[in-house]
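> requesting a structural model of the entry that follows:
(chains A, B and C)
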Amino acid sequence: MPELPEVETTRRGIAPHLTGHRITAITVRNRQLRWPISDHLIATLPGEVIHAVERRGKYLLLRCDHGTLLLHLGMSGSLRLVSDTTPAGRHDPVDLQLDSGQRLRLTDPRRFGSLLWCEGDLADHPRLAHLGPEPLGEAFSGDHLYQQAAGRRVAVKNLIMDGHVVVGVGNIYANEALFCAGIDPRRAANRISRARYQRLAEAIRQVLQRAIDAGGTTLRDFVGGDGKPGYFRQQLQVYGRGGEPCERCGSALQVERIGQRSSVYCRRCQH
DNA sequence: CCCAAGACCTGGCGGC
DNA sequence: TGCCGCCAGGTCTTGG
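So this is what the prediction gives:
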């Protein structure tokens, strides 16, 4: 589920229910996530008040009195607010009990998500320190991509999915943005002009922003606890549409693996 | 430094 | 129906 737009949608959905509230208890049913949940986190979190809910890349940041909870949803994670009598399912490894009576429940069947506790300077945290710029922020541009591409022969699709280059671009939106920009996903990163990177940066921004905007409409359902977002599916031009006609030229969309990830593109429109 | 591949996990699907 | 292999929205680690 979670690419940047979904993480941002989640952030917006949960923030009003968390901000200003105290975590009164943490229930850990399975601590084996991407990294085991630390004893220190479990001991420390109860009693902390959440002052703000922010996002860096695909990490949600719950800023508390004495530190920050970093929450990553991995491949299959989602968060919901539930009442404290809602029975937990098989794949609900963690609940945070709040002083409002609600619980923030993490559901994560594949357990690639993570919960980390950071007490020092957030910017120095090993998971955050080397991340690239936010795609919707000022520091991200075609020039930035062009500079990052220098000397790199990987496929451009792999470049833009590299979190050290730019955060938040997952497999879905990498495919979409490259289609929008008319760039062949297999093209070597260092064989693309500055002008075309400008177009690509713009496409990345646009595609992510549009998805976030679409996500906004499901916020209420999400927080109510039953929402499985599927809202942006209809807007996808290439992802999940291998073999179907290209929206622009009508020729059949090509499916191919690039860097272990399934990729879809139009042979006629993307060069 | 760059890059490809393997690793972590579970569930759903299509094919036989 | 049952089993098997493959696929899945992420990213860290390892080894060349």
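> what does the average pLDDT come to for the helix or strand harbouring A:Arg105?
In the assignment (DSSP states H and E), A:Arg105 maps to strand A:102-107. Across strand A:102-107, pLDDT averages out at 96.
> what's in contact with it?
Strand A:102-107 is contacted from outside by A:14, A:17-18, A:71, A:77-84, A:86, A:88-89, A:91-98, A:113, A:115, using CB atoms under 8 Å, 6 or more residues apart in numbering. Where C-beta positions appear, they are placed from N, C-alpha and C, glycine not excepted.
> rerun that using 6 Å as the cut-off
A:78-82, A:84, A:91-97 (CB atoms under 6 Å, 6 or more residues apart in numbering).
> spatially nearest residue to A:Ala201 (excluding sequence neighbours)?
Leaving aside its sequence neighbours, A:Ala201 sits nearest to A:Gly142 (CB to CB, 6 or more residues apart in numbering; 4.2 Å).
> how about the contacts made by whatever residue of the stretch 101-250 of chain A ends up closest to DNA strand C?
Minimum separation of the stretch 101-250 of chain A from DNA strand C (CB to the nearest atom of the strand) falls at A:Gly170, amounting to 2.0 Å. Counting by CB under 6 Å, 6+ apart, A:Gly170 makes contact with A:Glu3.
> please repeat the previous calculation with a cut-off of 7 Å.
Neighbouring residues of A:Gly170 by CB atoms under 7 Å, 6 or more residues apart in numbering: A:Glu3, A:Met161.
> try A:Glu8
A:Glu8 touches A:Arg55, A:Ile212, counting by CB under 7 Å, 6+ apart.
> for chain A, what lies in contact range of DNA strand C?
Contacts of chain A with DNA strand C, taken as CB under 7 Å from any atom of the strand, map to A:1-3, A:6, A:34, A:57-58, A:72, A:74-75, A:110, A:112, A:127, A:163, A:170-172, A:229, A:260-262.
> roughly how far apart are the residue of the stretch 101-250 of chain A closest to DNA strand C and A:Gln147?
22 Å (CB to CB, to the nearest Å).
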